[in-house]
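A.B. asks: What would the 3D arrangement of this be:
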Amino acid sequence: MRRRELMAGALGLGASLIAGTRSEPAAATPAIHKPAAAMERALFEPVAGQPTSLKDLDTGLTTARELFSGARYSALGSALPSLIATAEATRDATTGRTRERAQAAVARSYVLATELAVKQHSEAAWATADRALIAARASGDPRPLSDAARVLAITMRRAGRSAAAVDFLARTATTLTAEKGQPQADTLAARVCLLMTAAYTAASGGRRSTALDLLQEAEETAGRIPQQNGKPAGLFTISASPAEVAMYRISSLTVLGTPDDAVPYVQRVVPAQLANTERVARYLTDTARMWHQLGDGRRTFSALRAIEHVAPEEVRRPAIRTLTADLLYTPGSLPGLREFAVRTGAVAA
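C.D. replies: Model prediction:
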């Protein structure tokens, strides 16, 4: 079966660039308060874009991904309108294989937009995830397709469609190895990323046995990935490793309501060995939620302060502000917590 047909069957659901010109309304919004505002506006009031070379487009995408990986969400939100416009203009000006490669770039720019929208609890995630999937399917490349499937499933989960999202991710993961008896490292890594996301999604829907089975498969698959010059393999915005699987065990067991089962996995994650700042912040967020559910306010606050230290913009996300406010109004007194809550926007001064 041809690669494109196989992928289509699985997906029945439907920095010169960074420094580019932004629209005046987008520039007028203080990005630090609403990192996704410029991107949201550009979805319906697109900025002008000019075609560029695939090399320059790849450079722009790399820069944008580094902004996300560094948890610099305000800068990413400001950069995305120009990046998306340039990627789409490049695609529209090309044909053949060059157009397919440009479609992959369009898909990944929308993947980044969806990641940002999800972090900011923006309804724009539905639009960006849909556009990512359309472009990824047109690219004929299974890797951006996996990226797009993952962020669409996250969007579905947040809308309460966990069961459908798990099935969607499982089908997509299956297609990655359907054509080859011995999958390459990149294919295995993509599969791990999809399995981890599926596991947490299943846990969010209360499907404990499914979540644990998916995590076990992810861990076994991660152990089969050969080293690639010391660089972590994975998808565009997430890597695949035993440490990542341990992180997902923490978050999955916590959301299942058994945070005590998650505690042993905390020691399995060495933050310095994680791929980037965003991943470290995710680990600290998972541990903060775990400690909070266990009623350990001191360790919860310690994790929150660690997030602020490594990724200051992360603690201003809606989910972290909610956790901070919840901690503030629980019994007991933690020195410095109210000041932290005010500083990060969890409560008014």
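
A.B. asks: In this structure Ile238 contacts Cys193, no?
C.D. replies: Yes: in this structure, Ile238 is within contact of Cys193 by C-beta atoms under 8 Å, at 5.1 Å. The way it works is simple: take the backbone N, C-alpha and C, and place the C-beta from them, glycine included.

A.B. asks: Which one's more surrounded, these two?
C.D. replies: For Ile238 versus Cys193, neighbours defined as other C-beta atoms under 10 Å are more numerous around Cys193 (28 against 24).

A.B. asks: you'd agree the more buried one is up against Arg150?
C.D. replies: Yes: with contact defined as C-beta under 8 Å, Cys193 reaches Arg150; the gap is 6.4 Å.

A.B. asks: Now do the shared contacts for the two.
C.D. replies: Residues touching both Cys193 and Arg150 (C-beta atoms under 8 Å, 6 or more residues apart in numbering) are 235, 238.

A.B. asks: returning to that earlier point: any common contacting residues for Ile238 and Cys193?
C.D. replies: With C-beta under 8 Å, 6+ apart, Ile238 and Cys193 have common neighbours Arg150.

A.B. asks: does the closest residue to Met196 other than its chain neighbours belong to a helix or a strand, and which?
C.D. replies: Leaving aside its sequence neighbours, Met196 sits nearest to Tyr248 (C-beta to C-beta, 6 or more residues apart in numbering; 4.4 Å). Using DSSP states H and E, Tyr248 sits in helix 242-255.

A.B. asks: The next helix or strand after that helix relative to helix 242-255, how many degrees between them?
C.D. replies: Next helix or strand after helix 242-255 toward the C-terminus (DSSP H and E): helix 259-266. With axes from the mean of the first three to the mean of the last three C-alpha atoms, to 10 degrees as the basis, helix 259-266 and helix 242-255 are set at 170 degrees to each other.

A.B. asks: Now find how far off-centre helix 259-266 is within its chain.
C.D. replies: 23 Å (C-alpha atoms, centre = their mean, to the nearest Å).

A.B. asks: tell me which residues of that helix are tucked away?
C.D. replies: 259, 261-262, 265-266 (16 or more other C-beta atoms under 10 Å).

A.B. asks: Next: stretch 314-325.
C.D. replies: Under the neighbour-count rule (16+ other C-beta under 10 Å), stretch 314-325 has 314-317, 320-321, 323-324 buried.

A.B. asks: Output those residues in TSV, with pLDDT appended to each entry.
C.D. replies: Below are the buried residues of stretch 314-325 laid out as TSV (pLDDT from 0 to 100):
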residue	pLDDT
Glu314	96
Val315	96
Arg316	95
Arg317	96
Ile320	97
Arg321	97
Leu323	97
Thr324	97
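
A.B. asks: Closest one of those residues to Ala127?
C.D. replies: Nearest to Ala127, judged by C-beta to C-beta, of the buried residues of stretch 314-325 is Arg317 at 20.0 Å.

A.B. asks: Just to check, that closest one is in contact with Gln120?
C.D. replies: Yes: under the criterion of C-beta under 8 Å, Arg317 makes contact with Gln120 at 6.8 Å.

A.B. asks: residues shared between the contacts of these two?
C.D. replies: Joint contacts of Arg317 and Gln120 (C-beta under 8 Å, 6+ apart) are Tyr73.

A.B. asks: Okay, now the unreliable bits of this protein?
C.D. replies: Within the chain, the ranges that satisfy pLDDT under 70 run 1-32, 177-183, 228-231.

A.B. asks: State which helix of it is the longest.
C.D. replies: helix 96-119 (DSSP state H).

A.B. asks: buried stuff in it?
C.D. replies: 99-119.
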